[in-house]
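Student: Would you be able to build a 3D model of this:
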Amino acid sequence: MRAGLLRRGRFRADPVVLAEALGLAFVFSWFFYESPVGMIVTVPLLIPFGRRQGTAREEKKKEALTEQFGEALGSMITAMRAGYSADNAVKETWREMVFLYGERSAISREFYRILQGLGNNVPLEKLMEDFGERSGIADVREFAQTFAVARKNGGDMTEIMSRTVSLLQDRMEVEKEIAVQLSAKKLEQKIMDIVPFFIIAYLGITSKGFFSPLYHNLQGIAVMTVCLAAYLGACRWSEKIMDIRV
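Tutor: Predicted coordinates:
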């Protein structure tokens, strides 16, 4: 994994995200201004939309890596209890991560990078700390710091990792329970986000000219711009309400 891969809020020129943003900008320009010229107003929305989508994808990567990291620690604990040293346990863990998640998975690449560092005589605690910084995940970073202190002071590494795995599993379990409880509300939120467009489309089809005073004149453009801003603000507010973190 490259350094800063999970950096929050960074915009990336992802073709899929760009296509979604352009499509959204066109929908907004048509429904709120009934003209492709409205893209002048809606295209700037590409930047915050791209950042939001990029952040959402990075958060999913963090969640996946956190879960994989918990599995990796469990594998290391098993190897160390079987008599392996911490350095050799890393090699066994890498093999198991490749088997479980594939060689191209984030956790497999990270442990392969650690193995390369060990081959160059870099201390394991230093490699773990680097992993924690690159991942941007608080759990990984805190474990790496605790691991480094325990390694230097001769602490019980197996016990430390067991406690870390237990904490990670407890936190992930709580997060899953919250996600299940909020899933129905999030679906309702998405439905409410698109309802205004169906109402506008329905009235536009059944009542020709109903929205004509709001299009192609300065007063109407100003009103629709305010409506667009209110709509986006409401969408953002609802997302913040649903964004519950442990």
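
Student: State the number of residues packed around Val195.
Tutor: 10 (other Cβ atoms under 10 Å). C-beta coordinates here come from the backbone N, C-alpha and C atoms, glycine included.

Student: The one 10 residues further on too?
Tutor: Other residues within reach of Ile205 by the criterion other Cβ under 10 Å amount to 9.

Student: measure it to Ser212 for me?
Tutor: Distance of Ile205 to Ser212, given as Cβ to Cβ, to the nearest Å: 14 Å.

Student: before we move on, what about Ala25?
Tutor: For Ala25, the distance to Ser212 - Cβ to Cβ - is 23 Å.

Student: Neighbour count for the two, which is higher?
Tutor: Per other Cβ under 10 Å, whichever of Ala25 and Ser212 has more neighbours is Ala25, with 20 against 12.

Student: wait, doesn't that one sit right on Ile40?
Tutor: No: using Cβ atoms under 8 Å, Ala25 is not in contact with Ile40; the gap is 10.0 Å.

Student: Where does the residue nearest to the spatial centre of the chain sit, in terms of helix or strand?
Tutor: Geometric centre of the chain, nearest residue: Glu59, 1.5 Å, by Cα atoms, centre = their mean. Per DSSP states H and E, Glu59 falls inside helix 46-81.

Student: mean confidence score for stretch 197-212?
Tutor: For stretch 197-212, mean pLDDT rounds to 84.

Student: Only C-alpha atoms, please: export the worst-scoring helix or strand of the chain on mean pLDDT in CSV.
Tutor: Within the chain, no helix or strand scores below helix 39-42, which has a mean of 78 by mean pLDDT, DSSP states H and E. What follows is helix 39-42, C-alpha atoms only, in CSV (Å, rounded to 0.1, in the frame of the first residue of the first chain):
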residue,chain,number,x,y,z
MET,A,39,-23.8,23.0,-15.9
ILE,A,40,-21.9,26.2,-15.2
VAL,A,41,-23.5,26.3,-11.8
THR,A,42,-23.5,22.5,-11.1
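
Student: oh, and call the first residue 41 from now on, that's how I've got it
Tutor: Shifting the count to begin at 41 puts that one at helix 79-82.

Student: Check which helices and strands that helix sits against.
Tutor: helix 55-73, helix 258-282 (3 or more Cβ pairs under 8 Å, 6 or more residues apart in numbering; DSSP states H and E).

Student: got a list of contacts for it?
Tutor: Residues outside helix 79-82 that contact it (Cβ atoms under 8 Å, 6 or more residues apart in numbering) are Leu64, Ala65, Phe66, Phe68, Ser69, Phe72, Tyr73, Thr265, Leu268.

Student: out of the residues you listed, which are buried?
Tutor: Ala65, Phe68, Ser69, Phe72, Tyr73, Leu268 (16 or more other Cβ atoms under 10 Å).
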